[in-house]
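A.B. asks: Show me how the following folds:
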Amino acid sequence: MPVEIQGTLTDIIFQNESNGYTVGIVETETDQITVVGYMPAIHKGQTFAFQGNWVVHPTYGEQFEAISCRLASPDTLEGIENYLASGMIKGIGPKTAKKIVKMFGKETLNIMQYNPYELTKVEGIGEKKARAIAEAFQEQRQLSEVMLFLQSYGVTPNKAVRIYKKYGENTIQLVQENPYRLADEIFGIGFRVADAIAKRMGLDPCSPYRLMCGIRFVLNQYSLRGHTYVPRQELIKAAAQLLEAEEERIEDALMQLVVENEVHLETIDGEIVVFEISLFYAETYVCKKMVQLMQQPVKPISDGIEDEIRELEAEQQIELAENQRAAVLEAVQNGVLVITGGPGTGKTTALNTIIRLFERHHFNIALAAPTGRAAKRLSEATGREAKTIHRLLEYSYLEESTIMSFAKSEEDPLEADVVIIDEMSMVDVFLMNGLLRAILPGTRLILVGDADQLPSVGPGNVLRDIIESGLVKVVKLDQIFRQAQESMIIVNAHRINRGEYPYINQKEKDFYFISRRKPENILQTIKDLCRERLPKFNCCDPIKEIQVLTPMKKGPVGMFHLNKELQAILNPPGPEKQEKKLKDKIFRVGDKVMQIKNNYNLKWKKIDDQEEGEGIFNGDFGYIQAIDEEEKELVVLFDEEKQVHYDFSQLDELELAYCITIHKSQGSEFPIVILPVYWGPPMLLTRNLLYTAVTRAKELVVMVGQEASLKGMVDNHRIIRRNSGLKNRFQRFLQENMVEF
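C.D. replies: Predicted coordinates:
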């Protein structure tokens, strides 16, 4: 028969972050005891009622093994002060806790909950701080209850915090009603977590909702790999394996999803395929709107274009190549144009000429790119303002809603005569759908990008599908200009793209290969390059100007391990440097970090003119300025001007960025790129991955590793096929309408 004890947790000896197993010291009214058990949601300073049994450990003696615990309020002055001083309540540290308890005694917690304005009587607490403390106190109590509830179903603390932030005080009720909603509505909570909770609750494993949720999960997994659809039989087999259910049951659940309009079935190349409904709608609209933009007459430009182009050449002191000139002419004559080409082929020169030509005729031009860094590069290259596509479309909350959406749409379109999008290879089908909905028929759309780079992280193969469809006018720039030929980075990028091995270690050039066979030697050489060799000979800032790129996340030369090693030598710990540990990584003041998901709600403030705004995006780089344990926040400076305050619960949105994956580097440029070249899965180490990595560097590329692996990447022209229906839709339109473009 379990017994119950009550006391205050005064110390945590051990806590496993992955499963919550905890060894803690608890002080009761009469004794100090050791409590052990799976309790991920407990913190020092909290008072609990523990249910469990006394056991005798062969080494550590008598312990209380907790089966469960519930939060209780501390009832002694010391217990209340320890609870407030534990750091759990934002805005209260040890000094403030002592002042509050001295003022209110045993009524402290009641004052904080029911009459927080009284806190203003305490020295150093104004109305604003009192209100913030009261909100944090209430949230902490609710959060503790939610975490204790979720821990019984195996939910980790970080996931529990995320769930609570979504549902607030209604968390327990909503999860009990339907745990599978977590898989659909919470970032980072997949089907498997929701399914584990449901199983512990005793829900029927063959319930239609579980089967439908499992099918949606499989569709989402394919979407995360870039696919917009899944062959029907492939989906059924994958879902049956995941759910350990008969295929007939899966087929029934799939048809129910069709009836409820959550998925769409159609035939592509003689095979029945399944679309998640939003991907189907996005693809269909992209095709329809692209055709409409091509067919709609555009605002004309008067005769004499050739003369104007010659005048612009004289103004810029340039001479356009044949294909560049063709790009300018086609931009005038077409509603939609794609300009594609590798580095050094003059995309920027052609683009600047196009912009100047339209400006001569007083056209309103909108410039945008998928990421903040790509938009910044576009702005620098053109001398005009460029925005992220999300900012251009005014991505924000809908009025009186918690749902975020693009404000610019068919109802409120962009006021532009010409829309130019750079780095199109990064644009997925959802973003393309949002963009096209905001463009009026009659607007010129110019898409600029390098189709040989890695495709978008999100689903679809938009740029390549548009180019290969034959529906849209495409100008390919393929001439490398004389000044670009002097750079081995550009020369080798094109050699790699053609399947030729790069020239390496030519004297006084910018492309080097250092041969190392063993991973530990590769790692040591990269550390030496970052810490001493490159800063000494190139006079560069090792943190801001050197970027290590790697194909893989794991392994001895993977992103995780390289970040840990580079942080240790480039930003070592010190007595004045504040730190915050999160799972197996440490954030330290001075660290280079990267945002790894789009967060449109994060507020920023510019440090120079105090301009404020919202939105930090996947791939944005910053540097940690401060870590405040009392306020429970970490401050990051992005783009050397935007200051962002992260709550500790949001730190899973940040990664150390001394080393990043090549996929994450898309749309960015760095003065110096270091690339480990080592054995890995052939499906990962491909030619276009290497090409993308090389084209990220502006001044210097240094590869370190095995020459055989380098050659293997060049030889590996495997392009992982993405299931995308966009090209098929374009071609069907051509066949059905017999139209030539």
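A.B. asks: ok, now which ones touch residue 705?
C.D. replies: Contact criterion CB atoms under 8 Å, 6 or more residues apart in numbering gives 514, 515, 516, 522, 557, 676, 677, 678 as the residues in contact with residue 705. All C-beta spots, glycine's among them, are computed from the backbone N, C-alpha and C.
A.B. asks: go again using 7 Å as the cut-off
C.D. replies: Taking CB atoms under 7 Å, 6 or more residues apart in numbering as the contact definition, residue 705 lies against 516, 522, 676, 677, 678.
A.B. asks: Which single one of the residues you listed is nearest to residue 701?
C.D. replies: Distance from residue 701 was checked for each of the contacts of residue 705 by CB to CB. The minimum falls on residue 677, at 11.1 Å.
A.B. asks: now the closest one, nearest residue through space, not along the chain?
C.D. replies: In space, residue 677 comes closest to residue 705 once its chain neighbours are excluded; the distance is 3.3 Å by CB to CB, 6 or more residues apart in numbering.
A.B. asks: Mind pulling up the pLDDT for that neighbour?
C.D. replies: Residue 705 is assigned a pLDDT of 96 by the prediction.
A.B. asks: Make 582 the first number, not 1, from now on.
C.D. replies: I'll keep to 582 as the first residue from here, and by that count the last item is residue 1286.
A.B. asks: In strands, which of the contacts of residue 1286 fall?
C.D. replies: Counting by DSSP state E, the members of the contacts of residue 1286 that fall within strands are 1257, 1258.
A.B. asks: Using JSON lines, please lay out the contacts of residue 1286 together with neighbour count.
C.D. replies: Formatted as JSON lines, the entries for those read as follows, by neighbours: other CB atoms under 10 Å:
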{"residue": "1097", "neighbour count": "20"}
{"residue": "1103", "neighbour count": "23"}
{"residue": "1257", "neighbour count": "27"}
{"residue": "1258", "neighbour count": "27"}
{"residue": "1259", "neighbour count": "23"}
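A.B. asks: just curious, which of the contacts of residue 1286 is nearest to residue 1162?
C.D. replies: Sorting those by distance to residue 1162 puts residue 1257 at the head of the list, at 26.5 Å, by CB to CB.
A.B. asks: name the helices or strands packed onto the longest helix anywhere in the chain?
C.D. replies: As far as residue count goes, and with DSSP state H defining each element, the longest helix of the chain is helix 708-732. Contacts of helix 708-732 with other secondary structure elements, assessed using 3 or more CB pairs under 7 Å, 6 or more residues apart in numbering; DSSP states H and E, are made with strand 642-653, helix 689-695, helix 738-748, helix 752-758.
A.B. asks: ranking those by burial, who's on top?
C.D. replies: Neighbour counts averaged per stretch over those are highest for helix 738-748, at a mean of 20; criterion: mean count of other CB atoms under 10 Å.
A.B. asks: Compute the inter-axis angle for that helix and helix 708-732.
C.D. replies: 120 degrees (axes from the mean of the first three to the mean of the last three CA atoms, to 10 degrees).
A.B. asks: Which of the helices or strands spans residue 1309?
C.D. replies: Take DSSP states H and E as the rule and residue 1309 turns out to sit in helix 1307-1318.
A.B. asks: For residue 685, list the residues it contacts.
C.D. replies: Taking CB under 7 Å, 6+ apart as the definition of contact, the neighbours of residue 685 are residue 692.
A.B. asks: Distance check, it against residue 1306.
C.D. replies: According to CB to CB, to the nearest Å, residue 685 stands 65 Å off from residue 1306.
A.B. asks: Which residues does the residue nearest to residue 1185 when sequence neighbours are not counted form beta bridges with?
C.D. replies: Nearest-residue entry for residue 1185: residue 1223, 4.1 Å, with adjacent residues in sequence omitted and distances by CB to CB, 6+ apart. Applying DSSP bridges to residue 1223 yields these beta-bridge partners: residue 1187, residue 1219.
A.B. asks: Tell me the buried residues in stretch 1177-1193?
C.D. replies: Along stretch 1177-1193, these residues count as buried under the neighbour rule (16 or more other CB atoms under 10 Å): 1177, 1179, 1180, 1183, 1185.
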